[in-house]
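**Student:** can you look at this prediction? I've put the sequence above it.
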Amino acid sequence: MRMTDSHLTFFPPTRDRRDAIASGFRFGHIGTHTSRTMMLEELSATFSTVAVNGRSDEYAVAIIEENCLRKRTVSTRRLTLQRLRELYAFDPAVPIFRILRRLWDVDKTSRPLVALLATLARDPLILATASVIVSLPKNAEFQRSAMHEALATAGEDRFNESTLNKVVRNAASSWSQSGHLEGRTFKFRRMVQPTPAAVAFGLYLAHAAGLAVEESLSSGWIKVLDCSASAALKLAAAAKRQGLLDLRMGGDVIDLDLSRLDPAYLVAQRVR
């Protein structure tokens, strides 16, 4: 599959973003990628230590007191926890995190993509680089200058050259961790394989961002999965069969209910 459209819609241009913030989105011009990548390895290690229904304080205990990430100093452990919270919240009160944590155990192959989607929602810097990656054809060489330019524009001259270069390195590493780039000195575009779980999460984020169902299927949240609207609809149907969402189609009307994605909804249903 070849994705060449560099225009990605992540948010409606005039939509109030309070609902997105309530879901766990973070906005602004500064992000975690000034100092870290998406930290997939640390996320994986932490999730393997803390139970799926773990409380926010249990993540702090695992990282700081139990040193599940094997950091040498307490200060480094605290900073790592801070960065992971910036990227993923690590708080069951945050809907994006609840859904991420649930999907983590639904399909192991989806983990890099669902982690990337959460990062895109919570770090404006990595989000600013998405169009650069999605517009690259398969096997094309990644050009750091294009990402540098995208970040400079998004940052509105807030970053000096040294910081921009560091963000480019970190962002490129994150896109490598997600599977979109491959290589060390020279990186090349690879197509990722979208999954029902990843598409379901992408549709949830699009909905939380204020996009209608039809817009969601062709939004940036789906395109970063190297997925067309028609393929996304088929994968959404597969996600329905997995019990992740409700989907009904009739003629040109698509009715999508994402409530089942949220563990809080499932708990409420069991209590009834």
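**Tutor:** Yes, it's here.

**Student:** pLDDT below threshold where in the stretch 51-200 of the chain?
**Tutor:** For the stretch 51-200 of the chain, applying pLDDT under 70 flags no range at all.

**Student:** strands along that one, start to end?
**Tutor:** 181-182, 188-189 (DSSP state E, counting those that start in this stretch).

**Student:** next, format the ones you listed as a markdown table and append mean neighbour count and distance to Gln143.
**Tutor:** In this view, the C-beta of every residue, glycine as well, is placed from N, C-alpha and C. Listed next are the strands of the stretch 51-200 of the chain as a markdown table, based on neighbours: other C-beta atoms under 10 Å; distance: least, C-beta to C-beta, whole Å:
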| stretch | mean neighbour count | distance to Gln143 |
| --- | --- | --- |
| strand 181-182 | 17 | 11 |
| strand 188-189 | 18 | 11 |
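
**Student:** for those strands, give me JSON lines that also has distance to Thr129.
**Tutor:** Shown next, in JSON lines, are those (distance: least, C-beta to C-beta, whole Å):
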{"stretch": "strand 181-182", "distance to Thr129": "11"}
{"stretch": "strand 188-189", "distance to Thr129": "13"}
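
**Student:** which residues are in contact with Leu244?
**Tutor:** Applying C-beta atoms under 8 Å, 6 or more residues apart in numbering to Leu244 gives the contacts 103, 106, 196-197, 200, 260-261.

**Student:** equivalent analysis for Ser44, please.
**Tutor:** Contacts of Ser44 (C-beta under 8 Å, 6+ apart): Arg111.

**Student:** next: Gly183.
**Tutor:** Residues in contact with Gly183, defined by C-beta under 8 Å, 6+ apart, are 142, 176.

**Student:** nearest to Asp57, of the strands of the stretch 51-200 of the chain?
**Tutor:** strand 181-182 (35.8 Å; C-beta to C-beta).

**Student:** quick revisit: show the buried residues in the contacts of Leu244.
**Tutor:** Among these, those classed as buried by neighbour count (16 or more other C-beta atoms under 10 Å) are 103, 106, 196-197, 200, 260-261.

**Student:** return the distance of Glu161 relative to Glu41.
**Tutor:** Distance from Glu161 to Glu41, counting by C-beta to C-beta, to the nearest Å: 29 Å.

**Student:** picking up where we left off before, what about the contacts of Leu244, which are in helices?
**Tutor:** Those of these mapping onto helices are 103, 106, 196-197, 200, per DSSP state H.
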